[in-house]
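Student: here you go, sequence then predicted model.
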Amino acid sequence: ADEGAKPSETLSGIVHFGVRSPDCSAIAQQSSTELAPLTVTGYIEPPKTELSESPLANPASTTLLDYSVEDKRNVRTYGDLFRAVTGITVVQFDQGGTPYGVTLRGYSNGDHGHDIGYVVDGVPLNLIGENTGINGDANLNPLIPELVDRVILTRGPFDVRAGPFALAGSLNITTLDHPAAGLTLSGGSFGATQGFGLFEYNSGAVTGYGSLMLSSSPGFRDNTDFHQINTFNKVIFTFLGGTASLRFQVYSMDSGSPGYISRTLVESGALSPTAAVDITDGFNTTEENIVFNYRQNSDQPFTATAYFMNDTLKRWADFNIIPTDPGLPGQGLNSDKRITFGGNVEKYFLWQLPKGMSADLLLGVGERATFGREAHFNTIERTPVGPATAAVDFSVQNPFGYAQLDFKPLPWIKLTGALRYDILFYQVNDIVDRVDVSPTLAVASPKAGLSIRPVSGLDLFANFGQGFRPPDPFSELPFNQHLPVSKNESVEAGVQYNSPNGVWHFLGDVYHTRFSNEVLAGAPGMPSTTLGPSEREGFDVEASVVFYRRGQALFSIFGNYSAVNAFLLPRPGSGSSILNVQDFLGKYGLNLMLPLPFNDSPHIFTMAVYHEIIGPEPLNTFRSVSTRTFSRITANLNYTNRNWKGFSAFVNFIAYPDRRNEETAFNLGSDTAPIVGVSPKAPVSVQGGVFMPF
């Protein structure tokens with residue numbers, strides 16, 4: 001009943017993390033391969049000219065991420081699910097539970113991923129308001145990698161379901177309905193330990209599972225200790241001629257935060273790379289959520305989603321990397337409490353028209369409501385010094401609707417038109433400055449595209465799309481209630497090829513984006529800086545090939561490369577760079593699945609290795625200071641025994657061969673007097689464990 005997959009499209013096989021298995025179509029044409037506990041469900045990407053409710057059929061650059069259970073056990077955090085994907089940058093800030101800098105298409109990796117629209121099981125996660133310091137950040141830390149079913153990445157603002165903050169693109173994530181029951185225990189470098197237990201139940205018409213994760217990681221740097229408790233539970237049942245699920249999650253996290261230290265002092269040897277700015281800095285957050293999903297059993301389904309989330313966050317942070325500088329603030333507390341609830345309904349229609357023509361229509365409406373309080377305090381060792389320096393009560397009501405129409409005048413061509421319309425009703429009460437504002441904003445986001453399939457396996461596509469970022473009720477609207485939404489316009493053209501025999505895969509695209517208002521976010525409690533309009537132009541290219549496939553054995557390689565030129569307008573030649581945008585990203589690797597000592601052996605060994613090369617990024621608009629090109633190597637090894645009900649043992653290696661200070665580097669000074677703060681990475685880290693099935 002998952003979107004984008006039909007019963008005839010399920011397959012058996014192993015899909016390695018970060019890349020779609022290039023042999024999906026060939027495996028689907030074979031009879032079911034006997035892999036017993038290793039069997040996973042696969043989803044075939046539909047042609048761009050197919051009429052489908054799946055975003056994968058849109059005339060846009062998309063990628064399906066479909067993981068084996070072994071790969072998901074062998075990743076450390078949710079960010080590792082996306083690292084090998086074309087064009088995606090993942091920056092782990094190492095500052096407690098702050099959301100990662102996941103982004104693409106020339107948007108800053110220092111903004112906690114607030115330029116990608118994140119949706120998990122139909123629930124949008126981007127938070128309006130500063131939260132951890134960034135308007136629109138999305139905290140995916142409660143996401144348990146082992147419970148992820150699949151991810152659909154849409155590059156650019158083309159997915160009509162993705163609303164606010166879907167500027168660079170969108171990630172649509174679904175969780176599993178029937179994961180494997182068992183206990184996973186793992187441990188690794190710097191005292192990391194984790195336990196994850198899952199039990200399933202089946203009473204006929206009602207099925208489901210309960211799970212509990214406990215983890216602790218002291219970390220490479222001082223004051224990096226991270227502790228979390230996470231329980232994710234789901235009940236699935238038949239309902240009104242379809243399938244419904246109700247999930248409940250409770251998440252609690254507490255951690256230290258080492259802060260950013262001077263790159264100059266670290267590289268000169270005057271400061272240890274493990275040093276912390278303030279041993280009392282830290283992070284604490286809790287979340288409770290309930291989500292209901294329903295899908296009608298039909299090839300023209302009706303679907304519905306409803307959700308409730310309660311979030312509490314506290315972050316104590318000191319960004320003064322030179323303590324003797326009286327011009328920089330000391331420790332501060334950023335506090336955020338909010339309740340979010342909403343839902344949407346959606347209906348898909350499909351028509352066969354005269355003369356071999358056909359069309360489909362996707363209609364959806366929904367509402368998202370947020371009620372929150374954000375405040376900032378100056379603190380010393382987590383104790384407030386004086387009253388709040390900023391405090392805002394706010395609510396945002398966001399009713400929305402969308403429609404997408406696809407028309408096929410010929411079997412090999414498809415025309416697409418879509419429109420999303422959002423209304424934002426703000427109520428903002430600035431308690432400190434005694435300002436009350438209640439602006440109402442409306443924004444239309446049109447999309448249009450063309451898909452052509454001249455020969456089997458080859459898709460040509462082009463599109464136009466708009467996305468938007470709403471203003472921040474904490475740091476922007478109290479000072480300018482007439483502030484409009486920030487919009488981007490993107491045009492893209494591309495080509496995709498999947499060979500009929502499942503051996504070759506290729507994707508290439510070029511794009512140009514214009515953004516109306518670039519904003520440089522400040523540290524928590526510090527004001528943002530408006531930089532004005534900007535443009536981005538770039539391209540992505542990816543390829544994979546299966547060199548060997550026989551029975552259960554598989555050997556394939558992949559590679560991808562992305563480059564972007566991101567600049568502010570007008571472009572005088574200096575002072576025009578957008579901060580923390582890499583010039584290029586290159587990634588390549590291999591996937592190996594090998595039964596030993598013979599092809600039908602129950603002993604299955606898998607290996608996935610990839611190398612990232614990350615180009616320099618400017619740290620001020622003049623580009624007088626920047627990061628340097630660095631690389632990262634990841635290797636996952638796994639052994640599974642089919643005769644032991646899928647018992648697995650796994651180990652993961654991460655290495656930074658050079659310049660390990662560069663992944664997390666930011667300008668904590670001014671544009672003209674930059675001060676580079678870094679969070680150094682461990683040169684090598686190892687983590688391994690076992691899965692014991694129940």
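Tutor: Looks like it came in fine. Residues are numbered from 1 along each chain as shown.

Student: in the stretch 401-550 of the chain, which ranges drop under the pLDDT threshold?
Tutor: The stretch 401-550 of the chain contains residues with pLDDT under 70 at 521-528.

Student: 90 - rerun?
Tutor: Residues of the stretch 401-550 of the chain that meet the criterion pLDDT under 90 lie in 475-476, 479-480, 501-502, 518-532.

Student: ranges for the strands of it?
Tutor: 413-430, 435-437, 440-452, 458-469, 486-498, 504-520, 529-550 (DSSP state E, counting those that start in this stretch).

Student: and among these, the most buried is which?
Tutor: Mean neighbour count (mean count of other CB atoms under 10 Å) peaks for strand 458-469 among the strands of the stretch 401-550 of the chain, with a mean of 22. Just so you know, the C-beta spots here come from the backbone N, C-alpha and C atoms, and that holds for glycine as well.

Student: ok so, going back, need the strands of the stretch 401-550 of the chain in JSON lines with distance to residue 351, can you?
Tutor: Below are the strands of the stretch 401-550 of the chain laid out as JSON lines (distance: least, CB to CB, whole Å):
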{"stretch": "strand 413-430", "distance to residue 351": "14"}
{"stretch": "strand 435-437", "distance to residue 351": "46"}
{"stretch": "strand 440-452", "distance to residue 351": "18"}
{"stretch": "strand 458-469", "distance to residue 351": "22"}
{"stretch": "strand 486-498", "distance to residue 351": "26"}
{"stretch": "strand 504-520", "distance to residue 351": "30"}
{"stretch": "strand 529-550", "distance to residue 351": "34"}
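
Student: in the protein, which spans are helices?
Tutor: Remark: helices assigned in the chain by DSSP state H are 24-29, 69-73, 263-268.

Student: pick out the shakiest of these, pLDDT-wise.
Tutor: Sorting the helices of the chain by mean pLDDT places helix 24-29 lowest, at a mean of 31.

Student: give the contact list for residue 176.
Tutor: 147-149 (CB atoms under 8 Å, 6 or more residues apart in numbering).

Student: let's see that with 6 Å instead.
Tutor: Applying CB atoms under 6 Å, 6 or more residues apart in numbering to residue 176 gives the contacts 147, 149.

Student: do you know the pLDDT at it?
Tutor: Value for residue 176, per-residue pLDDT: 96.

Student: look up phi and psi at it.
Tutor: Main-chain dihedrals, residue 176, degrees, to the nearest 10: phi -70, psi 150.

Student: from residue 111, how far off is it?
Tutor: 30 Å (CB to CB, to the nearest Å).

Student: state the mean pLDDT of stretch 184-201.
Tutor: For stretch 184-201, the mean confidence score works out to 96.

Student: chain center to it, what's the gap?
Tutor: Averaged C-alpha coordinates place stretch 184-201 at 23 Å from its chain's average position (CA atoms, centre = their mean, to the nearest Å).

Student: next, count neighbours for residue 137.
Tutor: Other residues within reach of residue 137, judged by other CB atoms under 10 Å, total 25.

Student: pretty sure it sits against residue 116.
Tutor: No. Contact criterion CB atoms under 6 Å: residue 137 and residue 116 do not qualify, at 10.2 Å.

Student: out of the strands of the stretch 401-550 of the chain, flag the one nearest residue 598.
Tutor: strand 529-550 (11.4 Å; CB to CB).

Student: who does that closest one pair up with?
Tutor: If you go by DSSP bridges, strand 529-550 pairs up with strand 504-520 (antiparallel), strand 553-568 (antiparallel).

Student: contacts for that strand next, please.
Tutor: 22-23, 86-87, 106, 503-510, 512-516, 518-520, 555-556, 558-566, 568-569, 578.

Student: that one to strand 486-498, inter-axis angle?
Tutor: If you take axes from the mean of the first three to the mean of the last three CA atoms, to 10 degrees, strand 529-550 sits at 10 degrees to strand 486-498.

Student: tell me which of the strands of the stretch 401-550 of the chain sits nearest to residue 379.
Tutor: Using CB to CB, those put strand 413-430 closest to residue 379, at 20.8 Å.

Student: the residue lying closest to residue 411 once chain neighbours are set aside: neighbour count?
Tutor: Closest residue to residue 411 apart from its sequence neighbours, by CB to CB, 6 or more residues apart in numbering: residue 356 at 6.9 Å. Applying other CB under 10 Å, we find 10 other residues in the vicinity of residue 356.

Student: next one: the one 4 residues further on
Tutor: Residue 360 has 21 neighbours, counted by other CB under 10 Å.

Student: please apply the same query to residue 280.
Tutor: 17.

Student: backbone phi and psi for it, please?
Tutor: Dihedral angles (degrees, to the nearest 10) for residue 280: phi -100, psi 0.

Student: that one and residue 379 touch, don't they?
Tutor: No. Under the criterion of CB under 6 Å, residue 280 makes no contact with residue 379, lying 8.5 Å away.

Student: hey, what's residue 589 bridged with?
Tutor: With DSSP bridges as the rule, residue 589 is bridged to residue 558, residue 610.

Student: and residue 689, by the same measure?
Tutor: residue 186, residue 650.

Student: next one: it from residue 403, what distance?
Tutor: Distance from residue 689 to residue 403, by CB to CB: 47 Å.

Student: looking only at neighbour counts, state which of these two leads.
Tutor: Taking other CB under 10 Å, residue 689 and residue 403 do not tie; residue 689 has more neighbours (20 against 15).

Student: wouldn't that one be in contact with residue 188 here?
Tutor: No. If you go by CB under 6 Å, residue 689 and residue 188 don't touch, sitting 8.2 Å apart.

Student: which neighbours do these two share?
Tutor: In terms of CB under 6 Å, 6+ apart, residue 689 and residue 188 are not both contacted by any residue.

Student: any buried residues in stretch 626-637, and which?
Tutor: Buried residues in stretch 626-637, counted by 16 or more other CB atoms under 10 Å: 626-627, 629-632, 634-637.

Student: just the residues you listed: which are in strands?
Tutor: Those of the buried residues of stretch 626-637 mapping onto strands are 630-632, 634-637, per DSSP state E.

Student: gap between the nearest residue to residue 497 once chain neighbours are set aside and residue 231?
Tutor: Spatial nearest neighbour of residue 497, chain neighbours left out: residue 506 (4.4 Å); criterion: CB to CB, 6+ apart. Relative to residue 231, residue 506 is positioned 42 Å away (CB to CB).

Student: equivalent analysis for residue 390, please.
Tutor: Counting by CB to CB, the gap from residue 390 to residue 231 is 34 Å.

Student: beta-bridge partners for residue 231, please?
Tutor: Bridge pairing for residue 231 - DSSP bridges - gives residue 250.

Student: what of residue 336?
Tutor: For residue 336, the beta-bridge partners are residue 313, residue 374 (DSSP bridges).

Student: burial measure for it, as a count.
Tutor: Residue 336 has 23 nearby residues by other CB under 10 Å.

Student: I'd say it and residue 313 touch.
Tutor: Yes. Counting by CB under 6 Å, residue 313 is a contact partner of residue 336 at 4.4 Å.

Student: need the overlap of contacts for the two.
Tutor: With CB under 6 Å, 6+ apart, residue 336 and residue 313 have no common neighbours.

Student: between the buried residues of stretch 626-637, which sits nearest residue 290?
Tutor: Among these, and counting by CB to CB, the member closest to residue 290 is residue 636, at 33.7 Å.

Student: residues contacting the closest one?
Tutor: 74, 608, 652.

Student: roughly how far apart are it and residue 193?
Tutor: Taking CB to CB, one finds residue 636 at 19 Å from residue 193.

Student: check residue 669 too.
Tutor: Computed as CB to CB, the residue 669 to residue 193 distance reads 38 Å.
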